[in-house]
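S.K.: Sharing a model prediction with you, sequence too.
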Amino acid sequence: MTVGANGKPLLLIVDDDLLIVDTLDYLLEEDFQIGRAASRPEAMAWLKSQASAPAIALVDLGLPPCPHRPDEGFLLISELLAGAPKMSIVVLSGQNDSANARHARALGAVDFVAKPASPEALRKLLLRLLSIDNEPTVDELPLMGHSPPMQKLRMQLRQYADTPFPVLIEGESGSGKELAAVALHRLSSRRNQPYLTLNCAAIAPTLVEAALFGHARGAFTGATGARAGYFEEASDGTLLLDEIGELPPELQPKLLRVLENGEYQRVGETQVRQSRARIIAASNRDLKQEVRASRFRADLYHRLSVFTISVPPLRELGEDRLRLLEYFRQQIAHQFKQPGFALSPASEKLWMTYSFPGNVRELRNIVIRLATHHAGQTVEPAALAEEFDPAADTTPVPQQGRETLVNHAIEQMALQGEHFKLDKLLLRWEGAYIEGARRLAKGNMSQAAKLLGIQRTTLYNRLEVLAREGLASPEDEPHR
């Protein structure tokens, strides 16, 4: 838990109504150390000035320059969570129609409280959120699950864990990129060395260089002593550069130098130091697009993406969404020390149609709210639907993309003037899986067979059948 200088949990209040902020400050100062901001830019500047992020933020949706619209509040929720993913955000707003509340929660807010609010109820909610463990076990979450995307992710983590080269982890906000990075570290021979994280979106651009490389005494105003940076403190361990797409352009050449030869200098020093840390970078941006837009150096991108891992969005994980529901349901019930809730069969079906635009973070927040409001009860579809973002796509999500694959294959057959034949469709499907396994195994047929769960001789036989049916070229058929 993040605490302030007085030993109390740090709470950020963002509201342009000074009377409301003063009142909340007075009511909550016994339990929290309060930070204040009246706008989105002011809130982000305050966050970047802090040594560590607050445990909780109270955010109004109607902020300047458009206080009668929720847009600034929605944007602030996303920016706060990009800079401090473990922060719990509670929306306290007069713009309390159902659509606004549901969209705010989908963006990552844990709860929505309408103004005017009961001070004591608000205080109890905030203290309750502090009691929730925000550090899920990396061995279980989100790497749990049996869906093909999760099996592929676990396989990639094992393959890349012990290489000395950088790894780029891509994925949507809330999908679990940092947990994948921790898994890479724990699976490597560096597991007993330091593991450090620098969120490039959570620190002022003028401070990033000193944070990364350290600084000498007197290097800038306020540098009263020399200090090591993240590269130095990581030593022989792992350094995660989270939200790497936010790295200022002027610092990108210096990071590139470290990646190329391990050399860096503290700010204000001429001595060249050597880094031995293994670098992992993470981003929810499309860095290729950032390169094309000249916002990110192409040479730095290629250095960082020696290996690339894509953390799948929750909507592609099929029944793993139910496994995550059960994991969080048990975890929250244990922490709240109260009976859990259950979903009716109809609610389970509704759960499986929702696309979870906020990914695992959104799912967890939904479970927290259901545990709070429906302890020991069965949740019916009407109550569950109130937790979903009305702007999200709620059409049924194909389990592991199978329907999409089938439809694509049928369309391809139609384009080729063929009548639909199930046997041929299944062979094409089989060929796609075999080709994928061979690529992952880099042509090693024994390893490819192991990935497919079949014997090596069976794999050769399958390839021969595919070749006879014209679904594999002769040169693709390996020699036994």
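M.R.: Arrived safely, thanks for sending.
S.K.: contacting residues for the nearest residue to R364 once chain neighbours are set aside?
M.R.: For R364, ignoring the flanking residues on the chain, the nearest one in space by Cβ to Cβ, 6 or more residues apart in numbering is F328 at 5.2 Å. Any C-beta I mention is one placed from the backbone N, CA and C, and that applies to glycine too. For F328, the contact set (Cβ atoms under 8 Å, 6 or more residues apart in numbering) comprises L363, R364, V367, I368.
S.K.: secondary structure element for F328?
M.R.: helix 320-336 (DSSP states H and E).
S.K.: ditto for I89
M.R.: With secondary structure defined by DSSP H and E, I89 is part of strand 88-93.
S.K.: Distance from the chain centre to whichever helix or strand comes after that strand, please.
M.R.: Next along the chain after strand 88-93, taking DSSP H and E as the criterion, comes helix 98-107. Centre-to-centre, helix 98-107 and its host chain are 19 Å apart (Cα atoms, centre = their mean, to the nearest Å).
S.K.: What's the mean pLDDT across helix 98-107?
M.R.: Averaged over helix 98-107, pLDDT sits at 89.
S.K.: for stretch 79-89, same thing?
M.R.: In this model, stretch 79-89 has an average pLDDT of 90.
S.K.: buried stuff in whatever helix or strand Q159 lives in?
M.R.: In this assignment (DSSP H and E), Q159 forms part of helix 148-160. For helix 148-160, the neighbour count (16 or more other Cβ atoms under 10 Å) marks P148, P149, M150, K152, L153, R154, Q156, L157, Y160 as buried.
S.K.: Residues contacting it, please?
M.R.: With contacts defined as Cβ under 8 Å, 6+ apart, helix 148-160 is touched by 142-144, 167, 180, 183-184, 187, 307, 309, 311-312, 316-317, 320, 400, 440, 451.
S.K.: Pull out the buried members of the residues you listed.
M.R.: With neighbours counted by 16+ other Cβ under 10 Å, those contain buried members at 142-144, 167, 180, 183-184, 187, 307, 309, 311-312, 316-317, 320, 400, 451.
S.K.: related to what we said a few turns ago, on contacts alone, who are the packing partners of the helix or strand following the helix holding F328?
M.R.: Using DSSP H and E, the helix or strand that follows helix 320-336 towards the C-terminus is strand 342-343. If contacts are counted by 3 or more Cβ pairs under 8 Å, 6 or more residues apart in numbering; DSSP states H and E, strand 342-343 sits against strand 378-379.
S.K.: Skip ahead from the strand it packs on and say which helix or strand is next.
M.R.: Next in sequence after strand 378-379, counting helices and strands by DSSP H and E, comes helix 381-385.
S.K.: Alpha carbons of that next one, in PDB - could you do that?
M.R.: Provided in PDB are the C-alpha atoms of helix 381-385 (Å, rounded to 0.1, in the frame of the first residue of the first chain):
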ATOM      1  CA  PRO A 381     -28.900 -10.900 -16.000                       C
ATOM      2  CA  ALA A 382     -30.600  -7.500 -15.300                       C
ATOM      3  CA  ALA A 383     -28.200  -6.800 -12.400                       C
ATOM      4  CA  LEU A 384     -25.200  -8.100 -14.300                       C
ATOM      5  CA  ALA A 385     -26.000  -6.000 -17.400                       C
END
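S.K.: elements contacting that helix?
M.R.: Against helix 381-385 (3+ Cβ pairs under 8 Å, 6+ apart) you get helix 345-353.
S.K.: average pLDDT for the helix holding Q159?
M.R.: 92.
S.K.: The following helix or strand past that helix pairs with which strands?
M.R.: Using DSSP H and E, the helix or strand that directly follows helix 148-160 along the chain is strand 167-170. Looking at strand 167-170 with DSSP bridges, its partner strands are strand 278-283 (parallel), strand 307-310 (parallel).
S.K.: now the angle from the longest one to helix 148-160?
M.R.: In this structure, strand 278-283 runs at an angle of 150 degrees to helix 148-160, with axes from the mean of the first three to the mean of the last three Cα atoms, to 10 degrees as the basis.
S.K.: what does strand 278-283 contact?
M.R.: Outside of strand 278-283, the residues within contact range by Cβ under 8 Å, 6+ apart are 164, 166-171, 177-178, 181, 184-185, 188, 190, 237-245, 258-259, 304.
S.K.: switch the cut-off to 7 Å
M.R.: The contact list for strand 278-283 (Cβ atoms under 7 Å, 6 or more residues apart in numbering) reads 164, 166-170, 177-178, 181, 184, 190, 238-245, 259, 304.
S.K.: List buried residues within those.
M.R.: Buried among those (16+ other Cβ under 10 Å): 166-170, 177-178, 181, 184, 190, 238-245, 259, 304.
S.K.: and the residues you listed, which of them are in strands?
M.R.: Counting by DSSP state E, the buried ones among the contacts of strand 278-283 place V167, L168, I169, E170, T238, L239, L240, L241, D242 in strands.
S.K.: so who does the fourth one touch?
M.R.: Shown in contact with E170 (Cβ under 7 Å, 6+ apart): S283, T308, S310.
S.K.: For those residues, give me TSV that also has pLDDT and neighbour count.
M.R.: What follows is the contacts of E170, written out as TSV (pLDDT from 0 to 100; neighbours: other Cβ atoms under 10 Å):
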residue	pLDDT	neighbour count
S283	95	24
T308	96	15
S310	94	17
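S.K.: T224: which of the ones in strands among the buried ones among the contacts of strand 278-283 is nearest?
M.R.: For these, the minimum distance to T224 (Cβ to Cβ) is 25.4 Å, reached by L239.
S.K.: for the stretch 1-150 of the chain, what are the low-confidence residue spans?
M.R.: Counting by pLDDT under 70, the stretch 1-150 of the chain has low-confidence residues at 1-6, 133-142.
S.K.: Which parts of it are strands?
M.R.: For the stretch 1-150 of the chain, applying DSSP state E, counting those that start in this stretch gives strands covering 10-14, 33-37, 56-59, 88-93, 111-114.
S.K.: Columns distance to A104 and mean neighbour count on top of those strands, output as JSON lines?
M.R.: Output for those, formatted as JSON lines (distance: least, Cβ to Cβ, whole Å; neighbours: other Cβ atoms under 10 Å):
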{"stretch": "strand 10-14", "distance to A104": "13", "mean neighbour count": "25"}
{"stretch": "strand 33-37", "distance to A104": "17", "mean neighbour count": "19"}
{"stretch": "strand 56-59", "distance to A104": "8", "mean neighbour count": "25"}
{"stretch": "strand 88-93", "distance to A104": "5", "mean neighbour count": "24"}
{"stretch": "strand 111-114", "distance to A104": "6", "mean neighbour count": "19"}
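S.K.: So W351 is in contact with L343, correct?
M.R.: Yes - the criterion here is Cβ atoms under 7 Å, and W351 meets it with L343 at 6.3 Å.
S.K.: check contacts around the residue nearest to A204 when sequence neighbours are not counted.
M.R.: Nearest non-adjacent residue to A204, counting by Cβ to Cβ, 6+ apart: K48, 4.3 Å away. Each residue near K48 by Cβ under 7 Å, 6+ apart is listed here: A202, I203, A204.
S.K.: Return the member of those residues nearest to L130.
M.R.: Closest approach to L130 among the contacts of K48 (Cβ to Cβ): A202, at 20.4 Å.
S.K.: Might you report the residue contacts of the closest residue in space to the closest one that isn't next to it in sequence?
M.R.: Leaving out its chain neighbours, the residue that sits closest to A202 by Cβ to Cβ, 6+ apart is G83, at 3.7 Å. Applying Cβ under 7 Å, 6+ apart, we find G83 in contact with L47, A53, N199, A201, A202.
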